[in-house]
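K.L.:
let's see this in three dimensions:
(2 chains)
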Amino acid sequence: MKRRSARAGSMGSRRPARRSRGAGPSVRGRDDRRVVLLVATRKGAFIYYGDSQRKSWRVDGPHFLGHIVNHLVLDPRDGRTLLAASRTGHLGPTIFRTVDMGRTWQEAAHPPAFPKAAEGERARAVDYTFWLSPAHPTEPNAWYAGTSPPALFRSEDGGMTWASVEGWNDHSMYLKWNPPQDGTPDGPILHSVLVDPRDPNHMYLRGNGGTFESPDKGRSWRPLNKGVEANFVPGPEPEYGQDTHCLWLHPLKPDRLYQQSHCGIYRLDRPGEQWERIGNNMPREIGDIGFPIVLHPRDPDTVWVFPMDGTSVWPRTSPQGRPAAYRSRDAGETWERQDRGFPRAQAWFTVKRQGFSADECDPVGLYLGTTSGELWMSANEGASWRQIAAHLPEIYAVVAAMSP
Amino acid sequence: MRVLIPSPLRSYTQGKSEVTGSGATLAAMLANLEAAFPGIRFRMIDEQDRIRRHIRIFVNREQVHDLSARLSGRDEVQIVCALTGG
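P.N.:
Now for the predicted structure:
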């Protein structure tokens, strides 16, 4: 409906973002590809272009200065459609779209919104869009969006118009699966919308009551939380009500799921139903609480977490003020600390659930953004870290994508 | 009628701080505004036709809370963005 130009951007992109991969093998890092970091913050969006060695980074931005940008995602299927989930303190939520890496932006004609409620019905309104996921590669223009309150929306036209996915949003169990009083300080959210690369109908998501699975493209859902602790509700482990902080499936082994939960780190191998708490193998003094979890693009047994202090009043900062990633290379049996390059003391990082990601290169590059506006990377799979930007606004999301 | 546009919404009005509106009710005026400046309405009014939390609408300097408010051609409608904090 409207085309408004925004800030100048630069190069386009024709390569897939790792996070949103569909079926098919990963492409190993090649000399002609560059990593692009899509950084969403509380005060705007920034795009960082790496050189061929991932040594120097050029920033393009801010885009949408002053807007609250929750997620910035590049479509791996066409390599050029980039969506931004945005609102401002005053203005309602919307989606912006660019196909030229932010040189020009177009606003969605119909952003995610609930249908108008009939008299006497619950009148729900989308507060903000938190999450964006491209759908299956066989549905090239389809996307999913997760919002607060926790609802699922689908676009069939590359993000220009969005429709409510009634199978979730109007499910008879909706209020039990999404307890309205729970959630983040910014309200309850839906995220981690994952599509099985083998089957566009098979989906997972994180609602406000844990992990859920659909066999039929979102028409029906069931909880998938067995074995996941929920120590904030009384009684035995519930069927739903857990708090999944971050959920991924491995693109090359889609029956392998990992989650960082409010109550630990878990792995599930389907068709199994019982999550295993692999975080029990973390050092006791560090614990296994955190927000994000990152998967290696080629090795389903390798996974990274970024622990935070979940004791007493839940500071949600690096334990003991000493930031570190932890890596497992055996699907969670053992973990190793990776802190070289991070400050040794008095560094109280918080990394949110969308704030840690990996590229597709070999060796894998890791990228994380803190709520204090620092961007850190490792070009050697976590062996050492260095800061590549500071003084940004509060970072909500860092997505590593690839461009030529 | 005169419609005063606050700075956060001027990206929709080509930078204009004042536009001409029409309509017998606030709802009708906003529909016409949307037709002229697509996308502007949803940033102010949610999908249940409620004025968003940090938007204030004044008609002749009196705040109105409902889209059914009556308007005439001589009215001045002022849209205000009201939010404090960091």
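
K.L.:
helices along chain B, start to end?
P.N.:
Using DSSP state H, the helices assigned to chain B run over residues B:26-36, B:40-44.

K.L.:
return the most buried member of those.
P.N.:
Each of the helices of chain B was scored by mean neighbour count; the highest is helix B:40-44, a mean of 22, by mean count of other CB atoms under 10 Å in any protein chain shown. Where C-beta positions appear, they are placed from N, C-alpha and C, glycine not excepted.

K.L.:
next, the distance between the ends of stretch A:138-145.
P.N.:
Length of stretch A:138-145, first residue to last, CA to CA, to the nearest Å: 18 Å.

K.L.:
hmm, that stretch in reach of chain B?
P.N.:
No. Judged by CB under 8 Å from any CB of the partner chain, stretch A:138-145 and chain B are separated, with a smallest distance of 14.3 Å.

K.L.:
dump the residue contacts of the residue of chain A most remote from its centre.
P.N.:
For chain A, the residue at maximal distance from the C-alpha centroid (CA atoms, centre = their mean) is A:Glu119, at 36.3 Å. Not one residue lies near A:Glu119 by CB atoms under 8 Å, 6 or more residues apart in numbering or on different chains.

K.L.:
just confirm it is within a helix.
P.N.:
No. Counting by DSSP: H, G, I helix; E, B strand; the rest coil, A:Glu119 is located in no helix; its state is coil.

K.L.:
that one and B:Ser68: what is the separation?
P.N.:
As judged by CB to CB, to the nearest Å, A:Glu119 and B:Ser68 stand 15 Å apart.

K.L.:
looking at the helices of chain B, spot the one closest to A:Val294.
P.N.:
When the helices of chain B are compared by CB to CB, helix B:40-44 sits nearest A:Val294, at 34.4 Å.

K.L.:
is chain A within reach of that closest one?
P.N.:
Yes. For a cut-off given as CB under 8 Å from any CB, helix B:40-44 has contacts with chain A, namely B:Phe42, B:Arg43, B:Met44.

K.L.:
who does the host helix or strand of A:Arg97 touch, helix- and strand-wise?
P.N.:
Using DSSP states H and E, A:Arg97 sits within strand A:94-98. Strand A:94-98 sits against strand A:82-87, strand A:104-107, with contacts defined as 3 or more CB pairs under 8 Å, 6 or more residues apart in numbering or on different chains; DSSP states H and E.

K.L.:
buried deepest among those, which one?
P.N.:
strand A:82-87 comes out most buried of the helices and strands packed on strand A:94-98 by mean count of other CB under 10 Å, with a mean of 27.

K.L.:
and that one, what other elements does it pack with?
P.N.:
Applying 3+ CB pairs under 8 Å, 6+ apart, we find strand A:82-87 packed against strand A:34-41, strand A:68-74, strand A:94-98, strand A:128-134.

K.L.:
make a markdown table from the ones you listed and add mean neighbour count and distance to A:Gln259 to it.
P.N.:
Converted to a markdown table, these look like this (neighbours: other CB atoms under 10 Å in any protein chain shown; distance: least, CB to CB, whole Å):
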| stretch | mean neighbour count | distance to A:Gln259 |
| --- | --- | --- |
| strand A:34-41 | 25 | 22 |
| strand A:68-74 | 27 | 19 |
| strand A:94-98 | 23 | 26 |
| strand A:128-134 | 26 | 15 |
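
K.L.:
in a markdown table: those, plus distance to A:Asn178.
P.N.:
Shown next, in a markdown table, are these (distance: least, CB to CB, whole Å):
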| stretch | distance to A:Asn178 |
| --- | --- |
| strand A:34-41 | 23 |
| strand A:68-74 | 18 |
| strand A:94-98 | 22 |
| strand A:128-134 | 13 |
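
K.L.:
what is the end-to-end distance of stretch A:61-73?
P.N.:
End residues of stretch A:61-73 are separated by 16 Å (CA to CA).

K.L.:
tell me how many other residues surround A:Glu285.
P.N.:
7 (other CB atoms under 10 Å in any protein chain shown).

K.L.:
next, the contact list for it, please.
P.N.:
So A:Glu285 contacts A:Pro319, A:Gln320 (CB under 8 Å, 6+ apart).

K.L.:
how close does the closest residue in space to B:Val80 that isn't next to it in sequence sit to B:Met44?
P.N.:
Spatial nearest neighbour of B:Val80, chain neighbours left out: B:Arg56 (4.3 Å); criterion: CB to CB, 6 or more residues apart in numbering or on different chains. B:Arg56 sits 10 Å away from B:Met44, going by CB to CB.
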